[in-house]
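K.L.:
my questions concern the predicted model and sequence given below.
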Amino acid sequence: MSHPTYIAAPDDCLLRKDEHRRWLAKTGMRLLEFGAAAEHPQGGYGWLDIEGKLDAARPVTTLQTARLTHVFSLAHRLGVPFARAKVEHGIAGLGLLADEQHGGWYQGQQEPGAATIKHAYTHAFVALAASSAHMALGSRETRELLDRAIDVIDCHFWSDDMGLCLESYQRDWTQLDDYLGANSNMHSVEAYLALCDATGELRWLDRAVAIAERFIHTHARQHDYLVPEHFDRRMTVLYDFHKDLPADQFRPFGLTPGHSLEWSRLLLNLEASCLRHGRPAPAWLLEDAEGLFAAAAKHGWQADGQPGFVYTLDWDKRPVIAARRHWVTSEAVGAAHALLARTGRQQYADWYATWWAYIDRHIIDHDRGGWIHELDESSQPRARYWPEGKPDIYHAFQATLLPLLPLAPTPASALAHSPWGGLI
């Protein structure tokens, strides 16, 4: 059994137009060319400034290295000539960032003797990179990285008892944080779907369903489909978490409409993956995906009367951080595409067109390349809450690619035949 893809789309949908599909492919290629400059001479991938030049003064991070390894793995599957070397550079870089004494990965380049925390969020991206790289290259090195990532998740992060991913530890795994985060579990769902395709082991699919049921079907559903982000280890919502630090880069206070959109797409990827692998797909996956999308569009888009998604809301659904982040609108088009592919409903085609128009007008830097990471309330470039630069192409590139792919399997598996063929 499979879901409808583009055949159900309305006749006037952008995705039925060859010129739009060519535009997606060319926009994705420009992102790959822009991101290629992030290769760091010391290994891994570094920070790109607003001009797209490597800022070698900033340390290499595991997150950036993993995300670009994943992206260039997809690019290799698309037939991009320079991508294989970029994947190999990323694999080597992740080797340099690994903790050879205690296992797992550091957050980034380490100063001798520095304390470090090992986060599920970072390790989810290592697992995603390893899965995509192994499906792209199938080498001894990618198999070793994949096995290493799986071992760390199994030994330290996955909790069978709770049906979710634990958050963070001290370097030697002796002290587990009492905090649990929806964000790290969301990206674990993404990684686990990729691990299922890379290994053929359906336990990863079952784990992804368990996480979604916990965080979305239980908690988000009870909060009008805006996702509570912060919990303690008893799964009690921490409503005031970081109220005094609302702009924390990875754990901001309140509600994040962009995550409702990201979860919305992932639930449909999860549903399609269940059906593809002969697993029962819970009926609530579609219902919750639509609920998440509707909540984000209602409360996040133009919440302050200006175009764009506000970054965060308080519990009364009022804007806290009104800055526009590029990744939120990237995830918005991905969610709109997924629901359009699943339902064929006109409203999702309309949102898809609206949000791509906003990206093209305000977020894509047509002069210098890359996508502008942060805009102010008037959709003007302003780096107030996020350091200036354009290091991330992960969200943006997937926004250009996912509309050309089915809901399952995961991208690295789906790209056995390039959807870019004849488009660029």
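P.N.:
The structure has been received and is ready for your questions. Every value quoted in this text rests on a predicted model; they were computed, and no experiment measured them.
K.L.:
where's Phe34 relative to Ser159, distance?
P.N.:
39 Å (Cβ to Cβ, to the nearest Å). C-beta: built from backbone N, CA, C; applies to glycine.
K.L.:
now do the SS call for Arg368.
P.N.:
Under the three-state scheme (DSSP: H, G, I helix; E, B strand; the rest coil), Arg368 adopts coil.
K.L.:
which of Phe34 and Ser159 has more neighbours?
P.N.:
Phe34 (20 against 14; other Cβ atoms under 10 Å).
K.L.:
can you tell me which residues contact the more buried one?
P.N.:
Counting by Cβ atoms under 8 Å, 6 or more residues apart in numbering, Phe34 touches 48, 52, 369-370, 390, 393.
K.L.:
next: Tyr121.
P.N.:
Here Tyr121 is in contact with 63, 181, 183-184, 187, 250 (Cβ under 8 Å, 6+ apart).
K.L.:
Leu270 now?
P.N.:
189, 193, 205, 208-209, 212, 281, 285.
K.L.:
and it, that one's in a helix?
P.N.:
Yes - counting by three-state DSSP, Leu270 is part of a helix.
K.L.:
and it, what's its pLDDT?
P.N.:
Listed pLDDT for Leu270 reads 98.
K.L.:
for it, give its distance to Asp154.
P.N.:
Per Cβ to Cβ, Leu270 is found 20 Å from Asp154.
K.L.:
try Pro307
P.N.:
Counting by Cβ to Cβ, the separation of Pro307 from Asp154 is 45 Å.
K.L.:
okay, these two: which has more neighbours?
P.N.:
Taking neighbours as other Cβ under 10 Å, Pro307 and Asp154 compare with Pro307 leading, 17 against 11.
K.L.:
can you put the contacts of Phe34 in JSON lines and add neighbour count and distance to Gly163?
P.N.:
As requested, those are exported to JSON lines (neighbours: other Cβ atoms under 10 Å; distance: Cβ to Cβ, whole Å):
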{"residue": "Leu48", "neighbour count": "24", "distance to Gly163": "38"}
{"residue": "Gly52", "neighbour count": "18", "distance to Gly163": "42"}
{"residue": "Gly369", "neighbour count": "18", "distance to Gly163": "43"}
{"residue": "Gly370", "neighbour count": "26", "distance to Gly163": "39"}
{"residue": "Lys390", "neighbour count": "25", "distance to Gly163": "37"}
{"residue": "Ile393", "neighbour count": "27", "distance to Gly163": "33"}
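K.L.:
what stretches of the protein score poorly on pLDDT?
P.N.:
1-8, 111-115 (pLDDT under 70).
K.L.:
now the phi/psi pair for Gln170, please.
P.N.:
Main-chain dihedrals, Gln170, degrees, to the nearest 10: phi -70, psi 160.
K.L.:
number of residues surrounding it?
P.N.:
Residues near Gln170, counting by other Cβ under 10 Å: 14.
K.L.:
now it. Nearest residue, chain neighbours left out?
P.N.:
Excluding its sequence neighbours, the residue lying closest to Gln170 (Cβ to Cβ, 6 or more residues apart in numbering) is Ile117, at 6.7 Å.
K.L.:
now do the strands in this protein.
P.N.:
47-48, 54-55, 117-119, 158-159, 164-165, 168-170, 179-181, 230-232, 312-313, 319-321, 324-325, 374-375 (DSSP state E).
K.L.:
let me see the contact set for Cys274.
P.N.:
205, 209, 280-282, 285.
K.L.:
can you say which of those are buried?
P.N.:
205, 209, 281-282, 285 (16 or more other Cβ atoms under 10 Å).
K.L.:
helices - which of the residues you listed land there?
P.N.:
Taking DSSP state H, the ones among the buried ones among the contacts of Cys274 that sit in helices are 205, 209, 285.
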